[in-house]
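> Pasting the sequence and the predicted coordinates here, then a few questions.
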Amino acid sequence: MIKIENVSKSFANQKAVDNIFLEIKQGEIFGLVGPDGAGKTTLLRMVCGLIKPDSGTIQFSGGSPGRQEKGETFGYMPQKFSLYGDLTVMENIQFFGAMYQLDRATIRQRADEILTIANLIRFKDRFADHLSGGMKQKLALTCALISRPEILVLDEPTFGVDPESRKEFWLILYRLNKEGMTILVSTPYMDEAELCTKIGFIDRGKVVALDTPGNLKRGFAYHILEVKVAARDPHLFDGLDEVLDASFFGDKYHVVVKNGTAAPEVLSRFLLQKEINILSLKSVSASMEDVFVSLAEKEVV
Ligand SMILES: Nc1ncnc2c1ncn2[C@@H]1O[C@H](COP(=O)(O)OP(=O)(O)OP(=O)(O)O)[C@@H](O)[C@H]1O
């Protein structure tokens, strides 16, 4: 449905997007994941036609004829969505609806529908400035949906939003997707990446991995040992050849090792020598976070 071929974009001398090929199929929830400055926003803005690629093409197939010309194909929710704080929820929606030249009755009917799904209907007369962070994001989503787009493009839509509101937001996305909407979303959260049907990892403007969350985790080439000790030292495992990487996961360490059979013994001995008490040590399956860390630090792992 969206075919991105050979797309590059530079700002001054810096390549923000470097020769990207991606295909986003109808009905997918496609997640763009990557560190800050990886090029996600630039790519999304090119997909929406807000900036032009220096080279390459972005093509769309399917969709209803005529909608693309009127800008109705996409609903775009940028990272910093501009709501009018001194307008109410409903007035904000009416403003966005008017930009698509929708009549008031249509806007009202669609707004009621989406606000009900988003659990915002009770707040439709509240000023946008008086909404919580999560509510603001849901209002921004409602505005992006007012043209009933076929493709919804969201740039880090839940950044800085509390976990409960993030969950609620994703339930709405799932519902929209179930009704046939294709969703292209960038996210810095690995738990959200897991919810996508397909993920493209972007690093320094390039796609470094592309697959379903399940396949990415299964394809993880190393082993993870989950270690709980009383000490919390980011350099605890420094100097151990077996350890490729170690990071904190809550109150435990995820230690990436090459050899899952020999490493537990080696680690136990190492910690014992340091007189560090081991509270637990076990093998666990790779999480999306492990995959992400290994991709982002490819030179390390
Ligand atoms: N308008 C611009 N002018 C100059 N440089 C830009 C512009 N937009 C993006 N860049 C640069 O391009 C690179 C990619 O930025 P982009 O915003 O696309 O990354 P990102 O993955 O969305 O990161 P973030 O999540 O931090 O927004 C960065 O180095 C950024 O500084």
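Here it is on my side, so go on.

> element containing Met46, please.
helix 40-47 (DSSP states H and E).

> and that helix, what's its mean pLDDT?
If you average the pLDDT over helix 40-47, you get 95.

> Stretch 172-184 now?
What stretch 172-184 shows for mean pLDDT is 93.

> now do stretch 289-301
68.

> Write out the residues of this protein neighbouring the ligand.
11, 14, 16, 34, 36-42 (CB under 6 Å from any ligand atom). C-beta coordinates here come from the backbone N, C-alpha and C atoms, glycine included.

> what about the strands in the stretch 201-301 of the chain?
206-211, 223-229, 243-249, 252-257, 278-284 (DSSP state E, counting those that start in this stretch).

> ok so, going back, of all pairs in the residues of the chain next to the ligand, which one spans the longest distance?
Spanning the widest gap among the residues of the chain next to the ligand are Phe11 and Gly34, at 16.8 Å by CB to CB.

> of those two, who's got more company?
Legend: neighbour count by other CB atoms under 10 Å for Phe11 and Gly34, higher for Gly34 (25 against 11).

> In this structure that one contacts Ile199, no?
No. Assessed by CB atoms under 8 Å, Gly34 is found out of contact with Ile199, at 10.0 Å.

> now for the helix holding Met46, which elements pack on it?
Judged by 3 or more CB pairs under 8 Å, 6 or more residues apart in numbering; DSSP states H and E, helix 40-47 is in contact with strand 2-11, strand 14-24, strand 29-33, strand 151-155, strand 182-187.

> If I look at whichever residue of the stretch 101-250 of the chain sits closest to the ligand, what pLDDT would I see?
Residue of the stretch 101-250 of the chain nearest the ligand, by CB to the nearest ligand atom: Glu156 (6.1 Å). Listed pLDDT for Glu156 reads 94.

> before we move on, back to that, list only buried entries from the residues of the chain next to the ligand.
16, 34, 38-42 (16 or more other CB atoms under 10 Å).

> before we move on, back to that, and of the residues of the chain next to the ligand, the nearest to Val256?
So of these, ranked by how close each gets to Val256 (CB to CB), first place is Gly34, at 19.6 Å.

> quick one: contacts for that closest one?
40, 186, 201-203, 296 (CB atoms under 8 Å, 6 or more residues apart in numbering).

> so which of these comes closest to Gly239?
Ala296 (22.6 Å).

> and that closest one, what is it in contact with?
For Ala296, counting by CB under 8 Å, 6+ apart, the contacting residues are 34-35, 203.

> Could you check how far Leu83 is from the ligand?
19 Å (CB to the nearest ligand atom, to the nearest Å).

> so who does the residue of the stretch 101-250 of the chain closest to the ligand touch?
Counted by CB under 8 Å, 6+ apart, Glu156 has contacts 40, 79, 186-188.

> Assess the claim that Val208 and Phe201 are in contact.
Yes. The pair Val208 and Phe201 qualifies as a contact (CB under 8 Å) at a distance of 5.0 Å.

> The residue nearest to Asn119 when sequence neighbours are not counted: neighbour count?
The spatially closest residue to Asn119, leaving aside those adjacent along the chain, is Glu168, at 7.0 Å (CB to CB, 6 or more residues apart in numbering). The tally of other residues near Glu168 (other CB under 10 Å) stands at 18.

> Just the element for Glu168, please.
helix 163-178.

> How about that helix, which residues are buried there?
165-166, 168-170, 172-173, 176-177.

> out of those, what pair is the most spread apart?
Ser165 and Asn177 (18.7 Å).

> Next one: the nearest residue to Arg232 once chain neighbours are set aside from Val293, what distance?
The shortest distance from Arg232 to any non-neighbouring residue, by CB to CB, 6+ apart, is to Phe248 (7.2 Å). Distance of Phe248 to Val293, given as CB to CB, to the nearest Å: 11 Å.

> Right, I'll call it a day here.
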